[in-house]
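A.B. asks: let me see the structure of the following:
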Amino acid sequence: MDARGVGVTVTTVTGEVITGHVFSYTPDPAQEGNGFLTIRQESIAEDPQTCDYRMLRTAFIQDCVVDENAKDVKLHNASFIGLPERMSKEKKQQERASRIAKGKQEGVSDLAQSLFDRINRQMHCRWEGKNIIVDEVVKIVAPYRAESCSRLDNGSTKALQYIQSLLEASQ
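C.D. replies: Predicted coordinates for the structure are as follows:
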């Protein structure tokens, strides 16, 4: 029987439940758990033309149940993957994760860290001791309020006002 396109619900040995359609199955002739099951899932992206694929080693699968309620689908071969675009996206995500990790500062209040994290999502921030430097143009000092902001030498009044408005909104 060709399982391609059959709706399944897979439970992994870690308890994760994955629902989708069988895209491919490669059995392990030696029965050592080295086979693979590839599941096609609806994409988390907003584009309905895209989908996600999960590739699981059979040793990682605790249970696999055919979903009787799922419509079997006719699956086409996977489309071309734009490797340069994927690598670029991965690099940006790594840079963002690195920036967030670098933003953790020892010895500052939870309020200061929360404020830093919130601003750092929109603009580049760094710590200078217990002070927050935003885009190298604004400095925020304790107690981290609108009146605690000052413009650095190369900072614009507009940037200062924007940061102050963020701080006022968070109070």
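A.B. asks: got the CA positions of the helix or strand hosting residue 41 in CSV?
C.D. replies: Assignment of secondary structure by DSSP states H and E places residue 41 within strand 36-42. As requested, C-alpha coordinates have been extracted for strand 36-42 and formatted as CSV (Å, rounded to 0.1, in the frame of the first residue of the first chain):
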residue,chain,number,x,y,z
PHE,A,36,12.6,8.1,8.0
LEU,A,37,9.1,9.4,7.9
THR,A,38,8.5,12.8,6.3
ILE,A,39,5.3,14.5,7.1
ARG,A,40,3.8,17.4,5.2
GLN,A,41,2.1,19.9,7.4
GLU,A,42,0.1,23.1,6.8
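A.B. asks: pairing partners for that strand, with directions?
C.D. replies: In the sheet, strand 36-42 lines up against strand 17-26 (antiparallel), strand 51-57 (antiparallel) (DSSP bridges).
A.B. asks: nearest to residue 164, of those?
C.D. replies: When the strands paired with strand 36-42 are ranked by distance to residue 164, counting by C-beta to C-beta, first place goes to strand 51-57 at 41.8 Å. Yep, even glycine has a C-beta here, placed from its N, CA and C like the rest.
A.B. asks: list the contacts of the residue most central in space within the chain.
C.D. replies: For the chain, the residue whose C-alpha lies nearest the mean C-alpha position (C-alpha atoms, centre = their mean) is residue 93; its distance is 7.5 Å. The neighbourhood of residue 93, defined by C-beta atoms under 8 Å, 6 or more residues apart in numbering, contains no residues.
A.B. asks: and the pLDDT at it?
C.D. replies: According to the per-residue confidence, residue 93 scores 82 in pLDDT.
A.B. asks: okay, it and residue 52: tell me how far apart.
C.D. replies: Residue 93 sits 16 Å away from residue 52, going by C-beta to C-beta, to the nearest Å.
A.B. asks: ok, now residue 69?
C.D. replies: When residue 69 is compared with residue 52 (using C-beta to C-beta), they lie 21 Å apart.
A.B. asks: who has more neighbours, the two?
C.D. replies: Neighbour totals were compared for residue 69 and residue 52, and residue 52 leads with 12 against 5 (other C-beta atoms under 10 Å).
A.B. asks: and the gap between that one and residue 18?
C.D. replies: In this structure, residue 52 and residue 18 are separated by 10 Å, where distance is defined by C-beta to C-beta.
A.B. asks: report the set of residues contacting both of those two.
C.D. replies: Between them, residue 52 and residue 18 have residue 41 as joint contacts when contacts are counted by C-beta under 8 Å, 6+ apart.
A.B. asks: I am finished for the moment; much appreciated.
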